[in-house]
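J.: fold the stuff below for me.
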Amino acid sequence: MNFNEIERRGLVMLGCGKMGQAMLEGWLAGGLAPGSVWVLDPHPSDWVRAQGLHVNEGLPDSPAVAIVAVKPQFMAEALPPLQPLGGGATLIVSVAAGTPIAYFESILGAGTRVIRAMPNTPAAVGKGITAIIGNGASGVGDLDMAEGLLSAVGQVVRLAHEDQIDAVTGVSGSGPAYVFYMIDALAAAARAEGLPEEMAMQLAKATVAGAGALAEAAADSPEQLRINVTSPNGTTQAGLEVLMAEETGLMPLMRATVGAATNRSKELKG
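T.: This next block holds a predicted model:
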């Protein structure tokens, strides 16, 4: 990404916890000058303090972009200091879960350019995926800038409308927890078949990580990859007959799981 405009005008980070720090690490590694970053955080990490950033100092007059990365329960207290940046000159990019675009417009002004983003926790290792959507005041160039910044921690997709955030939350936002639980379940099944605990967990982690990497890298669809590894009347087919059972298998269970998370995301907005 070309950081020229950001380095000329500055970048503000409101909140710099794990997600914020992961993004910062990606930007600095990509060539962003530390002196062009202002961080507002009541408890900045030692790493943040050591990077040569402006930490808890006065803000630049008209920064190019302000990243909002505070927890939703602290938003009402944390956001007002950004009010001088509202009105359109500064692009506001929020990675705060559960905070709609309308909230930022109500605090910062209706003319404020706002991009709402929904990242997930694998962003901490550069393997995240983030969904973004802009308000009416933002344009394609704003989405391009947000995508460029968020690409530092993984892939980015663009939504057609904000309501899709609930489904994104149910799939990729909450999804890592589903996969972590599947790893635990796979390791438990391995132990039940007589493998030692440490080996069972190693096999489960490596299998899930490797299958995910292959699914991303391969030209074949996940369905075809499954077919490729399934020999007729073999061991994989025997396991899949349980996993793919029409009423009790993984497909209806996953549909119910994602549906429950999506519905809860909708409820929390009210």
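
J.: what count of nearby residues applies to the closest residue to Pro252 other than its chain neighbours?
T.: The shortest distance from Pro252 to any non-neighbouring residue, by CB to CB, 6 or more residues apart in numbering, is to Glu246 (7.7 Å). To be clear about C-beta, it is placed using only N, CA and C from the backbone, and glycine gets the same treatment. When counting by other CB atoms under 10 Å, one arrives at 7 neighbours for Glu246.

J.: for Glu246, helix, strand, or coil?
T.: Assigned with DSSP: H, G, I helix; E, B strand; the rest coil, Glu246 falls in the coil class.

J.: confidence score at the residue with the largest distance to the centre of the chain?
T.: Distance to the chain centre peaks in the chain at Asn233, reaching 40.2 Å (criterion: CA atoms, centre = their mean). pLDDT, Asn233: 96.

J.: how near is it to Gly52?
T.: As judged by CB to CB, to the nearest Å, Asn233 and Gly52 stand 63 Å apart.

J.: how about low-confidence regions in this structure?
T.: Scanning the chain for pLDDT under 70 picks out the ranges 270.

J.: nearest the middle, which residue of it would you pick?
T.: Short answer for the chain (CA atoms, centre = their mean): Pro119, at 1.5 Å.

J.: any idea which element the residue nearest to that residue when sequence neighbours are not counted lies in?
T.: Distance criterion CB to CB, 6+ apart; nearest residue to Pro119, sequence neighbours excluded, is Thr130 at 4.1 Å. Using DSSP states H and E, Thr130 sits within strand 128-134.

J.: and Ser265, by the same measure?
T.: Assigned by DSSP H and E, Ser265 falls in helix 250-269.

J.: show me what that helix is packed against.
T.: helix 165-168 (3 or more CB pairs under 8 Å, 6 or more residues apart in numbering; DSSP states H and E).

J.: how far away from the center of its chain is the helix it packs on?
T.: Relative to its parent chain, helix 165-168 has a centroid offset of 12 Å by CA atoms, centre = their mean, to the nearest Å.

J.: buried stuff in it?
T.: Ile165, Asp166, Ala167, Val168 (16 or more other CB atoms under 10 Å).

J.: for the stretch 51-200 of the chain, just list every one of the helices.
T.: Taking DSSP state H, counting those that start in this stretch as the criterion, the stretch 51-200 of the chain contains helices spanning 75-78, 101-108, 140-150, 165-168, 175-192, 197-217.
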